[in-house]
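*Asks:* Show me the folded form of this:
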Amino acid sequence: MSLKKLLTCGFIFIALFAVMAAPVSAEDMLGNQIGWITFHTNVDGATIYVNGNAAGTTVNQVYTYTVYLDGSPSSMPTNAYAAKSGYQNSNTQTLATPSAGETLNYYMTLNPTGPTTGSIYVTSSPSNAMVYIDGTYVGNTPQQSSGYSAGYHNVEVRKSGYQNWASSASVTAGATANVYASLVAVESYGTISVRSTPSGASVYLDGNYQGQTPTTVSGVVKGAHTIELNKAGYNEWVGQVTVYAGQTSTIYPTLQAIPTPGTGTIYVSSSPGGAYLYLDGTYEGVTPTYGTSAIDNVNAGTHTITLKLSGYKDATTSVSVIGGGTATVSLPLTPQGSSVTTGTLSLSSTPTGANVFINNEYKGITPFSITLDAGQYSVTFRLPGYTDSTTTATVNAGATSTIQGSLVPTSQPTQSGSFPVAIFGGIFIAGLLFAALKVRKE
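*Replies:* Residues are numbered from 1 along each chain as shown. The predicted structure is shown next:
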């Protein structure tokens, strides 16, 4: 082998050795057969499912999936979706295959899931009945219970003395289903016939008024009940009666009369008060200014009431008193003759605001009214800028007299009065000047 060929082979060997000894990356080793798919979600921590298999979880709402392109076509990612608890899965997206070194981006949206349970609100008539939902006691009506899945649930309402009530409630997620139970009493009923001697007594069944005897009370719950009978002039009667289902129980008591007392009370008032009070000529006291005066222990029968008050005529009337009862007497007293000595004077003026003097004594500013003894008075209306107006007023006892003053403005000086004075003054001064000039010339 020639030297030239030997050197050539040596260089080729060195070059091959250098190439083989150089570092090689994973990408270079795979012949650049890698691509990437980056998934973006609107919430963090979402799991990315690729071809139905969990591939990873987003961090800061991002997850990058590596695609090895040298695999078989069946191993390539074809679809993906995102999922997270409390959210609806995102829509499944069809994936494209990235080229070597290429990154594809996909964006996925997850929406929060709505409520999955609802509530049931149960009321009943009568209330305070026990409520069972799906066989479990939850409380007494009115009762609201929550946390029930959407769909139908069994509701039962129970109350002692009433038939059990059952139905179903349709629950919608996030809503309240209302249930009303009208309970039917299971008690049996009977009737009570109530009579009395004498009749016309008021009947009370367990404290509730039922009318007057004779009467029949139906629809009474079986069992023991209390009957009360009341009638004026008779003692109250109280008794027990037992009612049987479908039967009539009868009560027929005889009422005991209350002994009639031999005295009663008279209540007396007068207008005005303060009158001396006499019963059958006997002094009993003085009537009050307000209210009444009571005379107790008055024998039953007819009596005479007399009232006396200075300045008033005596007032007398008859009154009947029933034993154990009361009688009322109210008497207005009539004055002896007319005791009224004053009257009213109503004063006004045009214009208003005038000072008023009555018999030269200041009394006020119009308009106003004043009470005076009956008689005649001199009334003067006075207002600055106006001429005084004076008139005579007559005050009648018990009556109102009206007086109105009509004020006239005072007259003002006018030019017509000063004009002649000015003329004569001017002539007089001119004459003096003329006389002085004439003397000087002479």
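*Asks:* what pLDDT does residue 319 get?
*Replies:* The model reports residue 319 with a pLDDT of 85.
*Asks:* my guess is it meets residue 305, correct?
*Replies:* Yes. Contact criterion Cβ atoms under 8 Å: residue 319 and residue 305 qualify, at 5.8 Å. For every residue, glycine as well, the C-beta is placed using N, CA and C.
*Asks:* which residues are in contact with both of these two?
*Replies:* 266, 329 (Cβ atoms under 8 Å, 6 or more residues apart in numbering).
*Asks:* Flag the shaky bits of the stretch 251-400 of the chain, pLDDT-wise.
*Replies:* Scanning the stretch 251-400 of the chain for pLDDT under 70 picks out 260, 338-340, 396-400.
*Asks:* what are the ranges of the helices in it?
*Replies:* Here the stretch 251-400 of the chain has no helices by DSSP state H, counting those that start in this stretch.
*Asks:* list the buried ones in stretch 306-316?
*Replies:* 306, 307, 308, 309, 312, 315 (16 or more other Cβ atoms under 10 Å).
*Asks:* before we move on, what about stretch 278-298?
*Replies:* Neighbour count says stretch 278-298 has 278, 279, 284, 287, 292, 293, 295, 298 buried, by 16+ other Cβ under 10 Å.
*Asks:* for the residues you listed, which one is nearest residue 344?
*Replies:* For the buried residues of stretch 278-298, the residue nearest residue 344 by Cβ to Cβ is residue 287; the value is 30.3 Å.
*Asks:* Check the gap between the residue nearest to residue 140 when sequence neighbours are not counted and residue 362 for me.
*Replies:* Of all residues not flanking residue 140 in the chain, residue 128 sits nearest, at 5.1 Å (Cβ to Cβ, 6 or more residues apart in numbering). To residue 362, residue 128 is 81 Å away according to Cβ to Cβ, to the nearest Å.
*Asks:* Same check on residue 181?
*Replies:* 86 Å.
*Asks:* Tell me which of these two has more neighbours.
*Replies:* Set side by side, residue 181 and residue 362 show more neighbours around residue 181, with 24 against 11, by other Cβ atoms under 10 Å.
*Asks:* For beta bridges, what are the partners of the more buried one?
*Replies:* Beta-bridge partners for residue 181, by DSSP bridges, are residue 124.
*Asks:* I'd like to know the predicted local confidence at it, please.
*Replies:* 96.
*Asks:* Can we start the residue count at 33 from this point?
*Replies:* Understood, numbering begins at 33; the last thing we discussed is residue 213.
*Asks:* Contacts only, for it.
*Replies:* Going by Cβ under 8 Å, 6+ apart, the list of residues near residue 213 reads 154, 155, 156, 157, 161, 173, 187, 189, 197, 199.
*Asks:* Mind doing that once more with 10 Å?
*Replies:* Taking Cβ atoms under 10 Å, 6 or more residues apart in numbering, we find residue 213 in contact with 154-159, 161, 163, 173, 187-191, 194, 196-199.
*Asks:* Tabulate the buried residues of stretch 310-330 (JSON lines), appending distance to residue 417.
*Replies:* Shown next, in JSON lines, are those (distance: Cβ to Cβ, whole Å):
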{"residue": "310", "distance to residue 417": "67"}
{"residue": "311", "distance to residue 417": "70"}
{"residue": "316", "distance to residue 417": "68"}
{"residue": "319", "distance to residue 417": "58"}
{"residue": "324", "distance to residue 417": "61"}
{"residue": "325", "distance to residue 417": "62"}
{"residue": "327", "distance to residue 417": "69"}
{"residue": "330", "distance to residue 417": "74"}
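*Asks:* hmm, back to that, quick check on the contacts of residue 213: which are buried?
*Replies:* Looks like the contacts of residue 213 have 154-156, 161, 163, 173, 187-191, 194, 197 buried, using 16+ other Cβ under 10 Å.
*Asks:* All set now, cheers.
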